[in-house]
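Visitor: Show me how the following folds:
(chains A and B)
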Amino acid sequence: MAEPRSPVSVAQNPSGVSLTETPVVEMDPVEYTLRKRLPRKLPKRRNDVYVNMKTDFKAQLSRCQKLLDSSTGPREICIHGLGLAINRAINIALQLQASSQGALQLAANTSTVELVDDLEPEDPDEAGEPLTRTRNNSAIHIKVFYPDPQ
Amino acid sequence: IPSSGTTHLDEPLSRPPVWTTLPPSSTLKPGRTGFKKVCTTGEASPCPFPGLGTGILEMRVKEGSKIRNLLGFAMARMQEQVKPDGQVGVTQVLFTGLDRAITKTITCAEIMKRQVQGLHQLSKLQYTTVREVWENKEDGRSRMTIHRTVPSICILLSKDPLDPTEPGYQHPADVRSVSDPRDIKGERVVCRKRTLSPCSQSKQPNAKKAHSAIH
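Guide: This next block holds a predicted model:
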C-alpha cells in the first residue's frame, strides 16, 4: 500500500491508493486511482535539455555533448531535472565538465515545481468525488557553459 | 578477493564513476562480495566555498535525515531575535548533501526560502571523494577502504547580499504566499470538483480509461 506522502520517484504507474490518513482533510476510506498530471509545459529553447529517468543515461549524455560541441549557436546548454532526475542531471553536468578538462563551468539554480495529482474513485457507484491533490517537488537547472575569456 | 589487509579502490578523477545510475545488482557493492560488512564512512574532502562569513550554520543533509528536524533547527537559528548582549543569530546557512541526499538538500533549501523571504542563494555542484571503511568481523577483522567519488551539492542561503556574478547565484524570490509549515512537502488534498474538459484529457496520456467497463 503506497503512502500518500511517499516521494514522487517511487511510483510511476497509477495505483490504487487507499487514503485513510488524515493530513488536513477528513477523507472517506474510498479506493482511489492516482493519476499524476504532467508538469506544466515549459517553453523549450534550442539548448534546453530536459533529463528523465526513462531514456538511457549515455544517450542523454552524448546528446548534451553534441549540443555543446556544435559549432553554430551559443556554446552553452541548460540541463533541467525534476525530482529523481535531479541526480541524473547533476551527473550529466559533472561528467560534461570532467571530460572537458575543466574548460566548462557550471551554474546551478534550484526551484520548486507544483505537481497536481488527480484522484478518481475506483468504483463509479461509490459517492466519492474526483479530488485534486497538489504537491511540491524540487527541480534543478544547470547551465553548462564555456566562460568568456577575460 | 583479498580477505586480509587493506584494499584501496581508487577511481581516477578524470572518469568518475556514475554511481547513481548503476543498477542495484551491481557487483561493485562491497556488501555483496560474500562477507557481511559493517561500514563506517568518513568524508575525505569537505566542501570549499568562496569567502564565507563567520556567522554561518552548516547543515549536513544525509539520506535518512528528516526534513522536519533539519528545518526546525535551521529555522530557529535563522529567525533568532537580536539578543540583549548584541549577539545576532546566524545570517547564513549552508546545506550540503552527497549522492542520494542531494534532492533532500535542495528541498530543504527551497522550503527555507519559502518561509524566510529575501534570501540570496548560491549553489555549487562538485564531485566529492568519500572514504568508506568496511570491516568484516567474522573473517579475522579484515578491513577494506573504499574511495568513492560521488556528486555533491552545497547550497548557501544568506540574508546578506552575495556576489551576483558568481555562477550559481539566485536572487531572492518574489514574495509569495507562505505555505503551512506543517506541509513539509506541501501536500494538500482539495475537495474540488474536477471538470473533464478536453484539455485535461490531453494531459493524461498514460492514464487508463476509467469509464470503459460496465458494472
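
Visitor: any low-confidence regions in chain B?
Guide: B:1-38, B:40, B:44-48, B:50-55, B:81-88, B:138-140, B:174-215 (pLDDT under 70).

Visitor: is chain A contacted by the helix ranked longest in it?
Guide: Ranked by number of residues, the top helix in chain B under DSSP state H is helix B:102-115. Yes - contact of helix B:102-115 with chain A (CB under 8 Å from any CB of the partner chain) involves B:I102, B:T103, B:I106, B:T107, B:A109, B:E110, B:R114. The way it works is simple: take the backbone N, C-alpha and C, and place the C-beta from them, glycine included.

Visitor: need the longest helix for chain A.
Guide: helix A:85-99.

Visitor: in chain A, which spans are helices?
Guide: Under the criterion DSSP H, helices of chain A are mapped to A:57-69, A:85-99.

Visitor: Need the CA coordinates for the last one. PDB is fine.
Guide: Put plainly, it is helix A:85-99. Written as PDB, here are the backbone C-alpha positions of helix A:85-99 (Å, rounded to 0.1, in the frame of the first residue of the first chain):
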ATOM      1  CA  ALA A  85      16.100  13.200 -12.400                       C
ATOM      2  CA  ILE A  86      17.900  15.800 -10.400                       C
ATOM      3  CA  ASN A  87      20.700  13.300  -9.600                       C
ATOM      4  CA  ARG A  88      20.900  12.300 -13.200                       C
ATOM      5  CA  ALA A  89      21.100  15.900 -14.400                       C
ATOM      6  CA  ILE A  90      23.900  16.700 -11.900                       C
ATOM      7  CA  ASN A  91      25.800  13.600 -13.100                       C
ATOM      8  CA  ILE A  92      25.500  14.600 -16.700                       C
ATOM      9  CA  ALA A  93      26.600  18.100 -15.900                       C
ATOM     10  CA  LEU A  94      29.600  16.900 -13.900                       C
ATOM     11  CA  GLN A  95      30.600  14.300 -16.500                       C
ATOM     12  CA  LEU A  96      30.500  17.000 -19.200                       C
ATOM     13  CA  GLN A  97      32.700  19.200 -17.100                       C
ATOM     14  CA  ALA A  98      35.100  16.400 -16.300                       C
ATOM     15  CA  SER A  99      35.500  15.400 -20.000                       C
END
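
Visitor: who does that helix touch, helix- and strand-wise?
Guide: Applying 3 or more CB pairs under 8 Å, 6 or more residues apart in numbering or on different chains; DSSP states H and E, we find helix A:85-99 packed against strand A:48-51, helix A:57-69, strand A:76-82, strand A:105-121, strand A:131-145, helix B:102-115, strand B:120-136, strand B:142-158.

Visitor: Just name the most buried of these.
Guide: Among the helices and strands packed on helix A:85-99, ranked by average contacts under mean count of other CB atoms under 10 Å in any protein chain shown, first place goes to helix B:102-115 (a mean of 24).

Visitor: Can you spell out which helices and strands pack onto that one?
Guide: Counting contacts by 3+ CB pairs under 8 Å, 6+ apart, helix B:102-115 packs against helix A:85-99, strand A:105-121, strand A:131-145, strand B:56-61, helix B:67-78, strand B:92-98, strand B:142-158.

Visitor: C-alpha coordinates for the fourth one, CSV please?
Guide: This means strand B:56-61. In CSV, the C-alpha atoms belonging to strand B:56-61 read as follows (Å, rounded to 0.1, in the frame of the first residue of the first chain):
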residue,chain,number,x,y,z
ILE,B,56,27.4,30.5,9.3
LEU,B,57,25.5,27.4,10.1
GLU,B,58,26.4,24.2,8.2
MET,B,59,23.6,21.7,7.8
ARG,B,60,24.8,18.3,6.6
VAL,B,61,21.9,16.5,5.0
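
Visitor: would CSV of the residues of helix B:102-115 next to chain A with distance to A:A108 be doable?
Guide: Formatted as CSV, the residues of helix B:102-115 next to chain A follow (distance: CB to CB, whole Å):
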residue, distance to A:A108
B:I102, 10
B:T103, 13
B:I106, 9
B:T107, 15
B:A109, 11
B:E110, 13
B:R114, 19
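
Visitor: Sweet, I'm off.
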